[in-house]
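Visitor: build the 3D model from these lines:
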Amino acid sequence: MREIKFRGKGKDYKGDAKWFYGTYSYSVVYPSSYCTHTIGIYNDNVDEETVGQYTGMKDKNGVEIYEGDINKWYTVNSDNLDSPFGPDETVHYSVMTWIEEWKMFGWLMMDEYASYLNDGVECLDESMFWTYNAGNEDPVMICGNIHDNPELLS
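Guide: Sure, this is the predicted structure:
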């Protein structure tokens, strides 16, 4: 069974806010979002917009993959495999996204992610959609997330 936990970026910090990990709760008495530590009995006030759920997967370096994480991967141009300079590689980025309408996590390419945020699931091609398989031969590499690295979204 996979571990259910969340992360959220702290609200009460100036400058470089800290990430908190644990269970997620929302207070209706004092409208605010919290990540409760799995060890200890205290809460940290987090920005609700930054809360993401753990997918139960890890990248090739053992880093836990959360909703909103950005994966960096490459494709190789097969036209010049014999080039003395080596094959050309193209860098791609995708975002781990909770697709509410399909009740599943999936990697969305940057253009798909932007379209999904603006237009919803209707913009995704369901027949072409795939999710990361933990046993995939091409393991993912997390290089950031949508909150700390918004420059990777463009």
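
Visitor: looking at this, H147 is in a helix?
Guide: No - counting by DSSP: H, G, I helix; E, B strand; the rest coil, one finds H147 to be coil, located in no helix.

Visitor: numbering from 58 from now on, please.
Guide: Happy to do that; since the first residue is 58 now, the last one works out to H204.

Visitor: how about it, nearest residue that isn't a chain neighbour?
Guide: Distances taken as CB to CB, 6 or more residues apart in numbering place T107 nearest to H204, at 4.9 Å, with adjacent residues excluded. Yep, even glycine has a C-beta here, placed from its N, CA and C like the rest.

Visitor: could you list the domains of this protein?
Guide: According to automatic domain parsing, the chain comprises the domains 58-107, 111-211.

Visitor: and the longest one, how far out from the chain middle?
Guide: It refers to domain 111-211. Its chain's C-alpha centre and that of domain 111-211 lie 8 Å apart, by CA atoms, centre = their mean, to the nearest Å.

Visitor: that domain: end-to-end distance?
Guide: 24 Å (CA to CA, to the nearest Å).

Visitor: and for stretch 155-174?
Guide: End to end - CA to CA - stretch 155-174 spans 11 Å.

Visitor: gap between D104 and F63?
Guide: Distance, D104 to F63, using CB to CB, to the nearest Å: 12 Å.

Visitor: higher neighbour count, those two?
Guide: F63 (21 against 15; other CB atoms under 10 Å).
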